[in-house]
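Participant: need a 3D model of the sequence below.
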Amino acid sequence: MGVRSGPGGQVLTLDTLVRLGRGLRAPGTPHKLAVPEGMTVPLGCDAVGVPASLGRQLVSRLPRVGCVYADATHWWWLVPGDSDYALAWPAPAQYATGAVVPDAPVVPSLVRRGTGTLPYTPPIPLYLALCRLTGTTPSWSRPVSSAG
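Facilitator: Now for the predicted structure:
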């Protein structure tokens, strides 16, 4: 299925329309967070970002913190790949697959290095602390409706 751009014009598919829509936004350059030298990522690497004001509060609530990056507006935690599987991170958190930070004006700086050889912050404690700070009920605690 497609949309014609005019009489006898080019057919625009949904894929083309989505690409054109993305091109209209003026995003910043995406930046990949670099894993510090000497650390390995055997489980892959994604990142969870929150506004800077929440970032400062989260650090003190976590039992263990891995690598944390920050710029003027956001703090980013490295987590194992697929830490968003069956888990809806509460707003205003952003989940960045591959630790590629979208719309960042500059590459966020490493502000805290994890101990050992793994850069990860455990995702479940991070998720629970973020839920508490945002007043969000964890997804597994929400009532299930039989209506459908």
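
Participant: from here on, contacts and neighbour counts on C-alpha atoms
Facilitator: OK.

Participant: neighbours of residue 114, how many?
Facilitator: Counted with other C-alpha atoms under 10 Å, the neighbours of residue 114 add up to 17.

Participant: so it sits against residue 77, correct?
Facilitator: No: using C-alpha atoms under 8 Å, residue 114 is not in contact with residue 77; the gap is 10.2 Å.

Participant: can I have the strand or helix carrying residue 128 written out in PDB, keeping just the CAs?
Facilitator: Assigned by DSSP states H and E, residue 128 falls within helix 123-134. Taking C-alpha atoms only, helix 123-134 is exported to PDB below (Å, rounded to 0.1, in the frame of the first residue of the first chain):
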ATOM      1  CA  PRO A 123      19.200  -3.000  35.900                       C
ATOM      2  CA  ILE A 124      16.500  -4.200  38.400                       C
ATOM      3  CA  PRO A 125      17.800  -2.100  41.300                       C
ATOM      4  CA  LEU A 126      18.100   0.900  38.800                       C
ATOM      5  CA  TYR A 127      14.600   0.300  37.600                       C
ATOM      6  CA  LEU A 128      13.100   0.000  41.100                       C
ATOM      7  CA  ALA A 129      15.000   3.200  42.300                       C
ATOM      8  CA  LEU A 130      13.700   5.100  39.200                       C
ATOM      9  CA  CYS A 131      10.200   3.800  39.800                       C
ATOM     10  CA  ARG A 132      10.300   5.100  43.400                       C
ATOM     11  CA  LEU A 133      11.700   8.500  42.400                       C
ATOM     12  CA  THR A 134       9.100   9.000  39.700                       C
END
